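Colleague: quick one: sequence plus predicted model below, questions after.
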Amino acid sequence: MPKLFPLNSRDDFLDLVCSGMSVSAAARRVGASRGTGKKWWAQSGQMTVKMGVIGGLADPAPCPGGSGERGLSEFERGMIQMGRRAGMSYTKIAEAIGRDKSVVWREVNRNSGVDGVYHASVAHAKAHQARRRPKPLKLVEDEDLCRLIGVWMDDGWSPKLISSMLAFYFPDDQTMQVSHETIYQAIYVQARGSLRADLAGKLSLKRQQRVPHTADRTKNSPYKEAFKISERPAEVQDRAIPGHWEGDLIIGCDGTAIGTLVERSTRFTILLHLAGDHTAETVAAAMIREMGNLPDHLRRSITWDRGTELAEYAQIQTALETTLYFCDPHSPWQRGTNENTNRLLRFWFEKGSDLSVHTPEDLRQVAAKLNRRPRPTLNLETPANRLNQLLHAA
């Protein structure tokens with residue numbers, strides 16, 4: 001059966017810790033175990049304490065001051081605690097201490113513990129720490145928290161995931177919770193935390209310096225003068241007129257790739273053999289070679305994403321007498337026909353496989369098989385038949 005404590009035992013314990021006593025000593029003073037004291041502090045205190053015999057808060061509030069200052073005094077916070085325990089309304093408490101009721105409401109909501117109980121001594125210390133500038137980072141002194149973050153990052157966890165899991169595992173302990181932004185700052189600015197210096201290499205992008213959110217990421221983009229997908233004619237969207245294509249790369253292991261082009265109205269597919277690499281020059285040469293045999297009315301436009309493989313888009317436009325439009329960043333759904341086709345092509349070109357083993361003849365055979373496959377979206381006609389109809393009509 002759990003031990004029951006008088007109602008004021010936790011109040012006395014918190015007052016003792018805030019006055020400079022260690023958690024263990026304060027727990028013994030009120031007749032509780034060290035484990036109970038740590039639980040109480042996690043639920044109601046949630047501030048960093050000094051380790052060892054000395055104890056107390058790492059950043060205690062200054063000596064109590066009188067009322068009349070802009071901030072609430074410790075005496076006023078004691079009155080708020082008494083009023084809350086007595087069941088008084090915010091309005092009544094505010095009248096008793098000579099403050100507006102909104103001040104009392106904000107104070108209780110801002111400085112109550114996770115358990116929802118307001119403790120004057122804890123609230124006074126929290127308010128003092130919140131006013132400090134610059135605010136001390138949790139990752140400067142908390143070695144246990146830094147060690148746990150390091151273990152998770154070694155397993156490939158992102159700072160965002162770590163922040164979420166800390167809140168999940170320690171819902172009642174604010175001292176073990178930290179935002180992903182604080183983790184990033186500690187990683188990239190070693191003076192702002194105690195995380196290992198090698199953790200920047202554990203991030204997915206493996207940057208050694210952080211790119212600010214306000215940085216101009218398009219400053220060196222080759223697509224600053226290119227046509228955006230928002231400038232594409234409406235006839236492309238409704239598929240009423242043939243000759244509009246979508247393109248992308250299928251990526252394999254060791255940098256191998258195959259280019260894919262899909263005509264939007266017929267779903268006819270062309271595969272690009274990229275020998276050796278998928279640089280902008282190689283992709284441009286392959287597109288010009290494969291699409292150059294099409295009649296003019298079947299190469300009205302091409303829509304691609306913003307990958308660097310199409311940096312030579314001006315050369316492609318000139319050679320094919322067509323227009324290239326580029327999707328918005330991170331918007332693959334704007335090339336939905338091509339994305340669906342690439343999923344079908346994975347039957348022959350599995351993820352992680354070496355795509356350089358496929359010869360130009362292999363690609364032509366695969367494209368022919370795919371173009372002879374009936375499509376529900378074409379009323380069970382084949383892309384090859386639809387394209388032949390267009391060619392004969394011309």
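Modeller: Okay, I see it. All of these numbers come straight from a predicted model, not from anything done at the bench. Residues are numbered from 1 along each chain as shown.
Colleague: what's the end-to-end length of stretch 111-125?
Modeller: The stretch stretch 111-125 measures 9 Å between its terminal residues, going by Cα to Cα, to the nearest Å.
Colleague: distance from that stretch to the middle of the chain?
Modeller: Centre-to-centre, stretch 111-125 and its host chain are 32 Å apart (Cα atoms, centre = their mean, to the nearest Å).
Colleague: again, but for stretch 154-172
Modeller: Between the centre of stretch 154-172 and the centre of its chain there are 12 Å (Cα atoms, centre = their mean).
Colleague: quick one: the strands in the chain?
Modeller: Ranges of strands in the chain, per DSSP state E, are 227-228, 244-251, 257-263, 269-273, 301-304, 323-326.
Colleague: distance to L161 and mean pLDDT for these - can I get that in TSV?
Modeller: Backbone N, C-alpha and C define where each C-beta goes, glycine included. As requested, the strands of the chain are exported to TSV (distance: least, Cβ to Cβ, whole Å; pLDDT from 0 to 100):
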stretch	distance to L161	mean pLDDT
strand 227-228	33	85
strand 244-251	25	94
strand 257-263	30	96
strand 269-273	37	96
strand 301-304	32	93
strand 323-326	31	92
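Colleague: nearest to D154, out of these?
Modeller: Within the strands of the chain, the stretch nearest D154 is strand 244-251; the backing value is 26.9 Å (Cβ to Cβ).
Colleague: coming back round to it: what's the closest of the strands of the chain to E312?
Modeller: When the strands of the chain are compared by Cβ to Cβ, strand 323-326 sits nearest E312, at 10.3 Å.
Colleague: for that closest one, name the packing helices and strands.
Modeller: strand 227-228, strand 301-304, helix 313-320 (3 or more Cβ pairs under 8 Å, 6 or more residues apart in numbering; DSSP states H and E).
Colleague: that one pairs with which strands?
Modeller: Paired with strand 323-326 in the same sheet, following DSSP bridges, are strand 227-228 (parallel), strand 301-304 (parallel).
Colleague: mind checking which of the ones you listed is nearest L14?
Modeller: Using Cβ to Cβ, the strands paired with strand 323-326 put strand 227-228 closest to L14, at 59.4 Å.
Colleague: returning to that earlier point: deepest-packed of the strands paired with strand 323-326, please.
Modeller: A comparison of the strands paired with strand 323-326 by mean neighbour count, using mean count of other Cβ atoms under 10 Å, puts strand 301-304 on top with a mean of 24.
Colleague: can you list contacts of it?
Modeller: 229, 232-233, 236, 243-248, 261, 287, 310, 313, 316, 322-327, 334-335, 338 (Cβ atoms under 8 Å, 6 or more residues apart in numbering).
Colleague: can you flag the buried ones in these?
Modeller: By neighbour count, with 16 or more other Cβ atoms under 10 Å, the contacts of strand 301-304 hold 229, 232, 236, 243-248, 261, 287, 310, 313, 316, 322-327, 334-335, 338 as buried.
Colleague: who's in contact with A27?
Modeller: By Cβ under 8 Å, 6+ apart, the contact list for A27 reads 13, 33-34, 36-38, 40.
Colleague: my guess is E235 meets P242, correct?
Modeller: No - the criterion here is Cβ atoms under 8 Å, and E235 misses it with P242 at 10.0 Å.
Colleague: who has more neighbours, the two?
Modeller: Comparing E235 with P242 by other Cβ atoms under 10 Å, the one with more neighbours is P242, at 20 against 13.
Colleague: now the more buried one: how far from R289?
Modeller: Distance, P242 to R289, using Cβ to Cβ, to the nearest Å: 21 Å.
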